[in-house]
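Colleague: Fold the following, please.
(chains A and B)
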Amino acid sequence: MTVILNEGDSAGTAGAAQGSPVDAAPEPDKAMTRGRLVLIRFMRNRLALIGLIIIVAMYLLAFVGPLLSQWSYEDRDYSAFLQPPYADHIFGTDNIGTDMFAQTMRGLQKSLIIGLLVALISTTVAAIVGATAGYFLGVADKALMWVVDLLLVLPSFLIIAILSPWFRGKSWWLLVLMLAAFQWMITARIVRGMTLTLKEREFVKAARFMGQPARTIIAKHIVPNMASLLIIDATINVATAVLAETGLSYFGFGVQSPDVSLGTLIGNFAQSATTFPWLFLFPAGFLVVFVLAVNWVGDGLRDALDPTSTRVRRKEKKDTKEKAA
Amino acid sequence: MAGFLLRRLVNYVVLALVATFLAFTLASVTFDPIGLLQQRNPPPPAASIEAKKRDLHLDQPIPQRFVTWMSGVVQGDFGRTVADRPITDELGRRIGVSLRLFLLGITIGILFGVLIGVVSAIRQYKFSDYFATLFSFILLSTPVLVLGNLLKIGAQSINNSIGSNVLIFVGEETPGFQGNWFEHLGDRLQHLILPTLAIALGQIAYYSRYQRSSMLDVLGSDFLRTAQAKGLTRRKALMKHGLRTALIPMATLFAFGFGLLVVGGTFTERIFTWYGMGDWLVTGISAQDTNITATVTLFVAVCVLFSGWLADVLYAALDPRIRVN
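Modeller: Residues are numbered from 1 along each chain as shown, chains lettered A, B, ... in the order given. The predicted structure follows:
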């Protein structure tokens, strides 16, 4: 995490200058870089830290957990049908005797991978397209704005659901691409807006007058200056993608069998939610806790990377109050 | 101002048409109702498959199919389903079911969302603010497909502890219910409570966050201080100058919220077995029925269009600068 933040830092972000030195509490023997500053601010936010721990733990659990369990998702325990959680099956079993822990972990794996991939792809596309549209303006810009407007009328959920018969029985990678294809537009619009301002800054003008090609200017001067926004956006996008995937899979429009995700599990067991609640509660619980953790981290990152946002402002207010008292 | 509203209206109508055309085309390309028909056991005779193809206009190119369908729509005929039932027969009832749910949900959502947001902003960093923040964080991380089922589980245990079926979570009314209109109303209300909650809770959380931050921005502004300095009470200044200004950015959000609402409504209808438009969309896509899908898309588009236009009217009412230009 620090590595990424440091990259954004070395590109020389103007925001660093505005970072309030009150927050920093510098140690005398180490130079205060922006990365360290951001890290300190982030670590101070307890909810964000808890969120980060939860996210890391979930990714670990999803991939290591199944190895520790004696049941695989293909096993059937013929001595235990529809058992609530007990020592042998810590998450209980379903109506054909499959261990719910193994199933939940398998679903979690797929959902988490899809979330991560979609976030990475869509944020990358948003940065490239948004910066290009903002830099060159013209037709590309108009088209982008119009597509975003259209998406408000025709929700991406609807489009992917309509396309679902087409990718039935095909790889889940297609779903990743579909989800990413409809998630970048709104960010792209924000990136475009920021590009419009950045374009007029001295260092971009200087680079242009020195004869650097547009491609280099966008890659080296414009995009790195939006690192904060892009990092926050990529984080939040993981949660958005997981939610979109589970929503589609709930109806059978997303991840298709033989693959299993949290959404398909929740969808399959929703009917038994009132009679055999553990079948529903475990996958649903993992989903909610994961999304909550991502939101906390996103919030913490926003506060740490963008010192003018509310939480830090509150700290400063408190500080001034204490000083006044 | 009339010119502004008219221009926006035209823009929305074009968007709605494009959205419906896109949905129709995508559905026509991906759906294969004939393939589904052939998979039946025993397979239907070749002659009836040919007849079905003709009935569904599958022999025509897609743009022509759209024109045929659209010219029917203009005259109030939305075509026939794959199962050969006229869509118009069901349309009115389903729209009624959905709108009853949506309008109540969004009204409660906006009212309480704005109220909680404003109170949180005015009483910033008091207990109520922290409580509202935590609650909306959790609600925003809980997708409707989880929330709805959780409400069901909760209602089940409440019903069990009371010993009677007070909160009903199946259908929109008791089939074959006998009684006078007052008892009918009570029966409907019993069915309405849970689905409305499922929709409204998420909306409240969503709007209250934005209302809180837009109100906070206004609270620190000079004009509010001036209003109080010239002798207005704090309450009056907040209501007349503060809230009104803080509502302006929310107007766009309310319109955007409707698109989310339609998607959320789909889950709510499925979870609580309401046969509305959202439910129809899922059945339509599962049956690979282009006409149903296009009809629902048109409904969604018109809803978003209308709420978007309403937002513009609201915008003009709240912000005098728009009325002048």
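
Colleague: what are the ranges of the strands in the stretch 151-300 of chain A?
Modeller: Counting by DSSP state E, counting those that start in this stretch, no segments of the stretch 151-300 of chain A form strands.

Colleague: What residues does the stretch 1-150 of chain A have near chain B?
Modeller: By C-beta under 8 Å from any C-beta of the partner chain, the residues of the stretch 1-150 of chain A that approach chain B are A:149-150. All C-beta atoms are positioned from the backbone trio N, CA, C, and that covers glycine.

Colleague: mind showing which ranges of chain B have poor pLDDT?
Modeller: Within chain B, the stretches falling below the threshold (pLDDT under 70) are B:1, B:256, B:259, B:324-325.

Colleague: Which residue ranges make up the domains of it?
Modeller: Here the domain parsing of chain B from automatic domain parsing is B:1-83+B:287-325, B:91-250.

Colleague: of those, which approaches B:Gly278 most closely?
Modeller: Closest approach to B:Gly278 among those is made by domain B:91-250 (6.5 Å; C-beta to C-beta).

Colleague: for that closest one, how far is the first residue from the last?
Modeller: 32 Å (C-alpha to C-alpha, to the nearest Å).

Colleague: So the residue nearest the centre of chain A versus A:Thr124, what's the distance?
Modeller: Residue closest to the average C-alpha location in chain A (C-alpha atoms, centre = their mean): A:Val238, at 2.2 Å. Distance, A:Val238 to A:Thr124, by C-beta to C-beta, to the nearest Å: 14 Å.

Colleague: try A:Thr98
Modeller: 38 Å.

Colleague: the more surrounded of the two?
Modeller: A:Thr98 (20 against 15; other C-beta atoms under 10 Å in any protein chain shown).

Colleague: Output the longest helix belonging to chain A.
Modeller: helix A:100-136 (DSSP state H).

Colleague: Which parts of that one count as buried, going by neighbours?
Modeller: A:100-123, A:125-135 (16 or more other C-beta atoms under 10 Å in any protein chain shown).

Colleague: Point out the other helices and strands that the longest helix anywhere in chain B packs with.
Modeller: Counting by DSSP H, the longest helix found in chain B is helix B:181-219. Secondary-structure packing of helix B:181-219 (3 or more C-beta pairs under 8 Å, 6 or more residues apart in numbering or on different chains; DSSP states H and E): helix B:87-122, helix B:127-140, helix B:144-162, helix B:244-271.

Colleague: highest average neighbour count across these?
Modeller: Comparing those by mean neighbour count (mean count of other C-beta atoms under 10 Å in any protein chain shown), helix B:244-271 ranks first with a mean of 22.

Colleague: How about the next helix or strand after it, which residues are buried there?
Modeller: For helix B:244-271, the succeeding helix or strand toward the C-terminus, using DSSP states H and E, is helix B:277-286. Applying a neighbour-count criterion of 16+ other C-beta under 10 Å, one finds B:277-285 buried in helix B:277-286.

Colleague: Quick one: distance of the longest helix of chain A to the chain centre.
Modeller: 7 Å (C-alpha atoms, centre = their mean, to the nearest Å).

Colleague: Stretch B:92-111 too?
Modeller: 7 Å.

Colleague: So which residues lie in contact with that stretch, not counting its own?
Modeller: The set of residues external to stretch B:92-111 that reach it, using C-beta atoms under 8 Å, 6 or more residues apart in numbering or on different chains, is B:172, B:192, B:195-196, B:199-200, B:202-204, B:206-207, B:254, B:257-258, B:261-262, B:265, B:268-269, B:274-280, B:299, B:303.
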